[in-house]
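**Student:** Predicted model and sequence follow; I will ask about them next.
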Amino acid sequence: MNIEQEWPEPVVRVQTLADAQVIPDRYIKPPTERPHTSSAPGGAGSVPMVDLGGLKRGAAERQATMLAVSDACRHWGFFQVVNHGVSLELMARMREVWKGFFDLPMEEKQAYANSPVTFEGYGSRLGVKKGAILDWGDYYFLQLFPQSIKNYDKWPSLPASLSRETTEDYGEELVKLCGVIQNVLSLTLGLDEGFLHREFGEAGAGLRVNYYSKCPQPDLTLGLSPHSDPGGLTILLTDDHVKGLQVRKGGSWITVEPIPDALVVNVGDQIQVLTNGRYKSVEHRVVVNEATERLSMAFFYNPQDDLLIHPAKELVVDGTSPMYKPKTFKEYKLCMRMLGPRGKMLADAMEAT
């Protein structure tokens, strides 16, 4: 599969459209995909919240915490965590410095414009299909790990407060949190705690800072179309005050209620494949609003690019069969880059027949 070198059409920054009276046709979703018509009535509950502090307490609390994480991954694919060990001061600093980037004059941000080759830098679309209906959002994407692929030329040097140290420190703390969650998921599968670490190989990680501008017609568009994450684990730092993230649960879209100092965790497609469907990635989307912008930061923790990802043999037992065909993560994410967010289509395409 060839990687496109340039975007198929001129890139328009959504920030430049925020004060318009109407949104351009390129952002208007089909009627069945708009927020007000595709949302089923509530009643499916709320995304679980897990206090990870229980992992450091007595045996009973540790077991209860692990069970809560496992249940959330089996039945929701999403959960919020508190007492997660990530510095609250560092989380606040990340919000501050990255908001500073998006507040820069447009000509200064444009110096960091990205391309479909790596997606690193300042972007405004996912996928390279010509004529695609676009989402109402801009972003900045960086590769953080492994060190061998980190390209500081893609890191912004402006504003002055946006130091590499802040983003790198944050990335290191989230790698540790992902390691804790990997241990829990491995043990709750009945395997040793190093299982997912081994299956991921030399794990990679990236950060996408999402900026959803205010929108004059939020009922016609989405900040991010429904999709499941293609990687392993995603840790999301959300806006403490502005809602936007929605998770599909059955026939309903459930809005994630922000919890102060919490992080949102979700399972990606690669863990669904590795666990032979025991833990499931789940569709989610972002809605926008007319009154204010919203900033969120998605940290993606992924298997090594060239490792073949397939259901673990330990989980294909008792007469069951592998549910998914093998594919490297590199092959998988190239499909996502070509097509953009497309529900659960990519994971479904890997199902064994």
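**Tutor:** Ah, there it is.
**Student:** show me where the stretch 1-150 of the chain has strands.
**Tutor:** Using DSSP state E, counting those that start in this stretch, the strands found in the stretch 1-150 of the chain span residues 49-51, 78-82, 121-123, 138-145.
**Student:** packing partners for the third one?
**Tutor:** When contacts are defined as 3 or more Cβ pairs under 8 Å, 6 or more residues apart in numbering; DSSP states H and E, strand 121-123 sits against strand 138-145. To be clear about C-beta, it is placed using only N, CA and C from the backbone, and glycine gets the same treatment.
**Student:** Tell me the bridge partners for the closest residue to Asn114 other than its chain neighbours.
**Tutor:** Closest residue in space to Asn114, ignoring its immediate chain neighbours: Gly121 at 3.4 Å, by Cβ to Cβ, 6 or more residues apart in numbering. Partner residues in beta bridges with Gly121, using DSSP bridges, are Phe141.
**Student:** Contact partners for Gly121?
**Tutor:** Contacts for Gly121 were tallied using Cβ atoms under 8 Å, 6 or more residues apart in numbering; they are Tyr112, Ala113, Asn114, Ser115, Tyr140, Phe141, Lys154.
**Student:** What segments of the stretch 251-353 of the chain are helices?
**Tutor:** With DSSP state H, counting those that start in this stretch, the ranges of helices along the stretch 251-353 of the chain come out as 269-274, 329-339, 345-349.
**Student:** what does the stretch 51-200 of the chain give?
**Tutor:** In order along the chain, the stretch 51-200 of the chain carries the following helices (DSSP H, counting those that start in this stretch): 59-75, 88-102, 106-110, 164-188, 195-200.
**Student:** which secondary structure elements does the longest one contact?
**Tutor:** The reference is to helix 164-188. Helices and strands touching helix 164-188, by 3+ Cβ pairs under 8 Å, 6+ apart, are helix 59-75, helix 88-102, strand 138-145, helix 195-200, strand 204-212, strand 233-237, strand 294-302.
**Student:** what's the angle between that helix and helix 88-102?
**Tutor:** Inter-element angle recorded for helix 164-188 and helix 88-102: 120 degrees (by axes from the mean of the first three to the mean of the last three Cα atoms, to 10 degrees).
**Student:** and if you look at the first one?
**Tutor:** Here helix 59-75 runs at an angle of 30 degrees relative to helix 88-102 (the same axes, to 10 degrees).
**Student:** what's the closest of the contacts of Gly121 to Thr320?
**Tutor:** Each of those was checked against Thr320 using Cβ to Cβ; the closest is Phe141, at 37.4 Å.
**Student:** which residues touch the closest one?
**Tutor:** Neighbour list for Phe141: Asn114, Phe119, Glu120, Gly121, Gly123, Gly206, Leu207, Arg208, Val209 [criterion: Cβ under 8 Å, 6+ apart].
**Student:** Mark which of those residues are buried, thanks.
**Tutor:** Buried residues within the contacts of Phe141, counting neighbours by 16 or more other Cβ atoms under 10 Å: Asn114, Phe119, Glu120, Gly121, Gly123, Gly206, Leu207, Arg208, Val209.
**Student:** which one of these is nearest Ser161?
**Tutor:** When these are ranked by distance to Ser161 (Cβ to Cβ), Val209 comes first, at 14.4 Å.
**Student:** right, and Leu162 touches Gly100 too?
**Tutor:** Yes: Leu162 is within contact range of Gly100, at 5.9 Å (criterion: Cβ atoms under 8 Å).
**Student:** Which one's more surrounded, these two?
**Tutor:** Taking neighbours as other Cβ atoms under 10 Å, Leu162 and Gly100 compare with Leu162 leading, 19 against 15.
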